[in-house]
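**Student:** Sequence below, structure please.
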Amino acid sequence: ISRFISTAMVGVYSNYQFIIAGITSLVSAFYEAITARVGQMLSVKGTEEQYAQFRFYSFLNSWMTGATVVCFYYLVQDFLKLWMGSVPQLTKEIILIIIVNYYLETCRFATKMYREGAGLFRNIKQMILIKGLLNIVLSFIMGKMWGLTGILTATTISSAVTLFWYEPLVVYRYFKKSYINEFYYQVLTLLQMACSFMAAGLVSGCFSGSGTGGFLLKGAACAAAANICYILFYLALRMIRKKQG
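**Tutor:** Residues are numbered from 1 along each chain as shown. Here you go, the predicted structure:
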């Protein structure tokens, strides 16, 4: 960013990256805390029971990721104004790319937890190296052409074509399940997120977000709208599975 745009833009982007990194660390802390428990379960329980737990943690992963994505999108600009005052801000388009990158990283936390719990390290190391190399090359090319948008999009592409699809493939092979299940999971996750975005957007429009009180009210409204959508989805899925079972 410093090379192709300016050092000042590094500072502007760092404000957003600092917030997104804090959210990522909070979400990942939950999965890191239960990785040992999952590893123990993988060694004593049958494959079907393991897979049922994997599906539960995957849904929980999509919930945590979706709710934080929605809240970040609608609240980050107001939070920066409250925190730092009148400072340069990124456009909504760039914020969308930031949350796409965040989604591509955090939506795999449950999958990563099971991969590590099952000891599937060899299967992934080459893809991690490919992702890093691809990110560097694309960032240089696309950054020169489109600036910050190109650099962030390079991260999106390098994640999407490597670990985003390959890590779930490794885990589904371990469970001896069809990879089509990952497709259904991603479709359901995006559908849930879309509903949460619409609900939070309608609610957040009722609040200005200015001042501490206004920001807290807007934040509470966005969080409530997003989480209510996920609760309704969860209850609907439980009813469907009961009928099928």
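
**Student:** give me phi/psi at Ala118?
**Tutor:** phi -90, psi 0 (degrees, to the nearest 10).

**Student:** Give me the number of neighbouring residues for it.
**Tutor:** 18 (other CB atoms under 10 Å). C-beta coordinates here come from the backbone N, C-alpha and C atoms, glycine included.

**Student:** and what of Phe109?
**Tutor:** Neighbour tally, Phe109, other CB under 10 Å: 21.

**Student:** ok, now how distant is it from Thr153?
**Tutor:** 23 Å (CB to CB, to the nearest Å).

**Student:** what ranges of this protein fall below the confidence cut-off?
**Tutor:** Scanning the chain with the threshold set as pLDDT under 70 gives 244-245.

**Student:** now the helices: where do they sit in this protein?
**Tutor:** 7-44, 47-84, 92-106, 109-117, 122-160, 163-175, 180-204, 211-244 (DSSP state H).

**Student:** so which of these gets nearest Ile1?
**Tutor:** Proximity to Ile1, assessed across these by CB to CB, is greatest for helix 7-44 (5.0 Å).

**Student:** Counting by contacts, list what the closest one packs against.
**Tutor:** Applying 3 or more CB pairs under 8 Å, 6 or more residues apart in numbering; DSSP states H and E, one finds that helix 7-44 makes contact with helix 47-84, helix 92-106, helix 109-117.

**Student:** Can you tell me which of these is most buried?
**Tutor:** By mean neighbour count, with neighbours taken as mean count of other CB atoms under 10 Å, helix 109-117 ranks first of the helices and strands packed on helix 7-44 at a mean of 23.

**Student:** Report the contact partners of the residue positioned nearest the centre of the chain.
**Tutor:** Nearest to the mean C-alpha position of the chain, by CA atoms, centre = their mean, lies Tyr103 at 2.5 Å. Contact analysis of Tyr103 by CB atoms under 8 Å, 6 or more residues apart in numbering lists Thr65, Val69.

**Student:** Swap in 10 Å and give it another go.
**Tutor:** Contacts for Tyr103 (CB atoms under 10 Å, 6 or more residues apart in numbering) come out as Ser62, Thr65, Gly66, Thr68, Val69, Thr156, Ser159, Phe164, Thr189, Leu190, Met193.

**Student:** which stretch among the helices and strands packed on helix 7-44 comes nearest Lys125?
**Tutor:** helix 109-117 (11.6 Å).

**Student:** That closest one vs helix 180-204, what angle?
**Tutor:** Put simply, helix 109-117 runs at 140 degrees to helix 180-204, going by axes from the mean of the first three to the mean of the last three CA atoms, to 10 degrees.

**Student:** What helices and strands are in contact with helix 109-117?
**Tutor:** helix 7-44, helix 47-84, helix 122-160, helix 163-175, helix 180-204 (3 or more CB pairs under 10 Å, 6 or more residues apart in numbering; DSSP states H and E).

**Student:** if you set the cut-off to 8 Å instead, what comes out?
**Tutor:** helix 7-44, helix 47-84, helix 163-175.

**Student:** next one: the first one to chain centre, how far?
**Tutor:** It refers to helix 7-44. Relative to its chain's centre, helix 7-44 lies at 10 Å (CA atoms, centre = their mean, to the nearest Å).
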